[in-house]
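In: turn this into a structure:
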Amino acid sequence: MSYIDNIISNIEKRDAGQPEFIQAAKEVLDSLRIIVDKDNTYEKAGLLERLVEPERIVMFRVPWIDDAGKVQVNRGFRVQFSSAIGPYKGGLRFHPSVTLSIIKFLGFEQIFKNSLTGLPMGGGKGGSDFDPKGKSDNEVMRFCQSFMTELYRHIGQDTDVPAGDIGVGGREIGFMYGQYKRIVNRFEGVLTGKGIGWGGSLARTEATGYGLVYIVEEYLNKNGDSFKGKKVAISGSGNVAIFAAQKAMSLGATVISMSDSNGCICHKKGINLDTIKDIKLVKRERLTKYAEIHKDAVYSDVSNGRVWDIACDIALPCATQNELLLEDARKLSASGCKVVAEGANMPTTLDATEYLLSKGIAFFPGKAANAGGVATSGLEMSQNSARLSWSFEEVDAKLKNIMVGIFHSIDDAAKEYGKPGNFVIGANIAGFLKVARAMLDQGV
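Out: Residues are numbered from 1 along each chain as shown. This is a model prediction of the structure:
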């Protein structure tokens with residue numbers, strides 16, 4: 001049995017109840033065979049055993065009182081996976097689906113994503129099975145304060161710098177930061193995604209969506225093409241999806257579809273983004289409202305259609321993990337789709353990814369394509385440390401440079417190891433090598 005096969009076998013035994021983490025680990029490890037099988041340095045150092053095991057896992061209860069005066073209890077997590085190249089960095093997710101497996105998969109992916117940005121950030125992730133939807137502002141505040149009352153012990157600007165993720169936006173970051181500051185009596189850059197005026201960075205809200213488009217744009221430019229005239233299908237309707245749509249439209253594309261957890265909307269003449277923003281960011285309603293406003297748009301609930309049923313040139317899955325299935329990949333290929341880039345974390349299943357690659361479709365994994373969010377969080381950390389505040393244009397320019405750099409890093413790595421055009425292998429190898437060198441330099 002090879003070194004990597006042995007690592008995968010051990011993961012499957014030790015973490016048998018963690019399918020998302022196993023999926024993420026196998027995807028990365030399989031890509032690394034090209035270099036690990038030819039160099040026994042990694043096996044001698046036990047490097048992969050260390051890489052797949054978090055440096056620290058913190059699990060804790062989060063008691064809070066709802067508006068009816070009843071005590072509720074949720075579970076909190078922080079997985080500090082790797083600090084080889086910098087303090088742990090990764091978001092907090094508040095959603096009923098959150099489990100240790102989900103947090104470990106996200107934290108593991110974060111190691112390589114952060115490495116690819118070129119910024120000094122390690123990998124971590126956290127969250128809770130708390131659902132902010134339907135809760136009052138006071139309930140969310142009480143939960144966030146209770147959550148931070150435990151989490152504060154394990155984080156700090158030079159130790160671990162959480163950010164937002166699904167269910168954690170500016171409101172939640174504000175409540176958590178206020179509690180952290182009260183407890184430690186320090187105003188420091190311990191969370192990113194903070195409000196403008198108290199340590200936040202301009203362009204952070206737009207960063208993941210913009211960055212997603214920037215990496216695809218660089219690929220298209222390299223091949224003598226552009227977004228102009230392209231039909232783009234996007235899943236999701238949160239910040240990532242909305243700002244990916246905004247940037248794609250600004251480059252001349254037509255965004256023809258978006259979705260939420262209830263269904264999808266198709267608008268062949270082009271999605272009206274102002275309507276989407278009003279429905280999702282202001283009124284927080286469902287996409288069914290869009291079809292009521294735009295009569296020439298078609299809404300399908302989840303039982304009658306999917307966003308990938310619509311013919312497109314570029315597909316940007318921006319909703320959640322494992323949303324793009326093998327049957328979706330087949331439809332995209334048959335309809336002439338040329339590029340799939342992940343705006344969410346691991347939204348494409350392994351068999352769907354393999355199918356897309358086998359058909360010659362340019363596929364950009366989330367650890368590269370959606371790195372714009374954490375890259376801009378890293379820029380926020382820099383601004384906090386230097387007590388500076390950069391303009392939107394300055395941050396956006398730095399973000400674009402980082403995403404262009406990521407494209408060339410993964411493109412070069414794929415070519416160097418005999419897999420030109422395979423950006424999954426390129427991303428995994430490029431991200432891994434930087435972390436591995438740091439681990440070897442620092443010893444066991």
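
In: please enumerate the helices of the stretch 51-200 of the chain.
Out: In the stretch 51-200 of the chain, the helices defined using DSSP state H, counting those that start in this stretch lie at 100-117, 137-151, 170-184.

In: the longest helix in the chain is where?
Out: helix 392-416 (DSSP state H).

In: domain ranges for the chain?
Out: If you go by automatic domain parsing, the domain ranges for the chain are 54-187, 206-369.

In: roughly how far is the longest one from the heart of the chain?
Out: In other words, domain 206-369. Centroid separation for domain 206-369 versus its chain: 15 Å, with CA atoms, centre = their mean, to the nearest Å.

In: endpoint to endpoint, it covers what distance?
Out: 14 Å (CA to CA, to the nearest Å).

In: what mean pLDDT does that domain have?
Out: What domain 206-369 shows for mean pLDDT is 95.

In: mind checking which helix or strand D351 is in?
Out: Counting by DSSP states H and E, the element that carries D351 is helix 350-358.

In: name the next helix or strand downstream of that helix, please.
Out: Following helix 350-358 toward the C-terminus (DSSP H and E): strand 362-364.

In: could you say what helices and strands that next one packs with?
Out: helix 204-222, strand 339-341, helix 350-358, helix 423-442 (3 or more CB pairs under 8 Å, 6 or more residues apart in numbering; DSSP states H and E). Every C-beta, even on glycine, is put in place using the N, C-alpha and C of the backbone.

In: in its sheet, which strands sit next to that strand, and in what direction?
Out: strand 339-341 (parallel) (DSSP bridges).

In: in the helix holding D351, what counts as buried?
Out: A352, T353, E354, Y355, L356, L357 (16 or more other CB atoms under 10 Å).

In: run the chain-centre distance for the longest helix of the chain.
Out: The chain centre lies 16 Å from the centre of helix 392-416; the measure is CA atoms, centre = their mean.

In: turn the buried residues of helix 350-358 into JSON lines, including distance to G178.
Out: JSON lines is the format used below for the buried residues of helix 350-358 (distance: CB to CB, whole Å):
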{"residue": "A352", "distance to G178": "42"}
{"residue": "T353", "distance to G178": "41"}
{"residue": "E354", "distance to G178": "46"}
{"residue": "Y355", "distance to G178": "47"}
{"residue": "L356", "distance to G178": "44"}
{"residue": "L357", "distance to G178": "46"}
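
In: among those residues, which one sits closest to K367?
Out: If you rank these by distance to K367 using CB to CB, T353 comes first, at 12.3 Å.

In: list the contacts of that closest one.
Out: E27, A329, F363, P365, V424 (CB atoms under 8 Å, 6 or more residues apart in numbering).

In: what sits closest to the second one if chain neighbours are left out?
Out: I take that to be A329. Setting aside the residues directly before and after it, A329 is nearest to A352 in space (CB to CB, 6 or more residues apart in numbering), at 4.0 Å.

In: can you tell me how far that neighbour sits from R14?
Out: A352 sits 27 Å away from R14, going by CB to CB, to the nearest Å.

In: do the same with L32
Out: L32 sits 19 Å away from R14, going by CB to CB.

In: among these two, which residue is more densely surrounded?
Out: Neighbours per residue, other CB atoms under 10 Å: of L32 and R14, the larger number sits with L32, 22 against 12.

In: which one's the longest strand in this protein?
Out: strand 71-82 (DSSP state E).

In: parallel or antiparallel, list what pairs with that one.
Out: Short version: by DSSP bridges, strand 71-82 pairs with strand 56-65 (antiparallel), strand 122-128 (antiparallel).

In: what are the buried residues along stretch 335-351?
Out: So for stretch 335-351, counting by 16+ other CB under 10 Å, buried means 335, 337-349.

In: apologies, that question was intended for stretch 9-23.
Out: Those would be I11, D15, Q18, E20, F21, I22, Q23, for stretch 9-23 by 16+ other CB under 10 Å.

In: stretch 393-400 too?
Out: For stretch 393-400, by 16+ other CB under 10 Å, it's E394, V395, D396, K398, L399, K400.

In: mind giving me CSV with those residues and columns for pLDDT?
Out: Shown next, in CSV, are the buried residues of stretch 393-400 (pLDDT from 0 to 100):
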residue, pLDDT
E394, 98
V395, 98
D396, 98
K398, 98
L399, 98
K400, 98
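
In: which residue, other than its chain neighbours, is closest to G17?
Out: Closest to G17 by CB to CB, 6+ apart is S101, at 7.0 Å.

In: E20 is in contact with that neighbour, correct?
Out: Yes: at 4.7 Å, S101 and E20 qualify as touching, with contact defined as CB atoms under 8 Å.

In: hey, which of the helices and strands packed on strand 362-364 is tucked in deepest?
Out: Most buried of the helices and strands packed on strand 362-364, by mean neighbour count (mean count of other CB atoms under 10 Å): strand 339-341, with a mean of 26.

In: ok, the residue nearest the centre of the chain to L151 distance?
Out: Taking CA atoms, centre = their mean, the centroid of the chain lies closest to N345, which sits 4.3 Å from it. Going from N345 to L151 by CB to CB gives 21 Å.
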